[in-house]
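Undergrad: Prediction below, plus the sequence it came from.
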Amino acid sequence: MPSDSDSNITAADALTLLLHNQHALAAAIEEVTRWLSENGVEAVAHNAVAAMETLDTNAKEIADAILRLRGL
């Protein structure tokens, strides 16, 4: 049976990968948002910005959880 420390490392590693995915998604949404704004689809661009704000908020919480799991 793995120790708590091993479990924390595994969880932190998994959360780190999810955080990287979250950053990649935010970057992709940002590119789409820019294109939408440049092509006159402001309402959809506004919704995309709201989605990015949610990703940013959650990314901070994930990063905090990673630091707690790693004991930092």
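TA: Arrived safely.

Undergrad: Which strands and helices lie in contact with the helix or strand where E31 lies?
TA: Using DSSP states H and E, E31 falls within helix 4-38. Counting by 3 or more Cβ pairs under 8 Å, 6 or more residues apart in numbering; DSSP states H and E, the packing neighbours recorded for helix 4-38 are helix 42-69. Glycine gets a C-beta too; all of them are placed from N, C-alpha and C.

Undergrad: still on that earlier bit, show me which parts of the helix holding E31 are buried, residue by residue.
TA: N8, A12, L15, L19, Q22, A26, V32, T33, L36 (16 or more other Cβ atoms under 10 Å).

Undergrad: Would you check which pair of these lies furthest apart?
TA: N8 and L36 (40.7 Å; Cβ to Cβ).

Undergrad: Taking helix 42-69 as reference, get the angle to the helix holding E31.
TA: 160 degrees (axes from the mean of the first three to the mean of the last three Cα atoms, to 10 degrees).

Undergrad: Distance from helix 4-38 to the middle of the chain?
TA: 4 Å (Cα atoms, centre = their mean, to the nearest Å).

Undergrad: circling back: turn the buried residues of helix 4-38 into CSV, columns for distance to G71.
TA: Below are those laid out as CSV (distance: Cβ to Cβ, whole Å):
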residue, distance to G71
N8, 8
A12, 9
L15, 14
L19, 17
Q22, 22
A26, 27
V32, 38
T33, 37
L36, 42
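
Undergrad: just checking, T16 touches L67?
TA: No: judged on Cβ atoms under 8 Å, T16 makes no contact with L67 at a distance of 10.6 Å.

Undergrad: Quick check: the residue nearest to the spatial centre of the chain vs E42, distance?
TA: For the chain, the residue sitting closest to the mean C-alpha position, by Cα atoms, centre = their mean, is Q22 at 2.9 Å. Look at Q22 and E42: by Cβ to Cβ, to the nearest Å, they are 25 Å apart.
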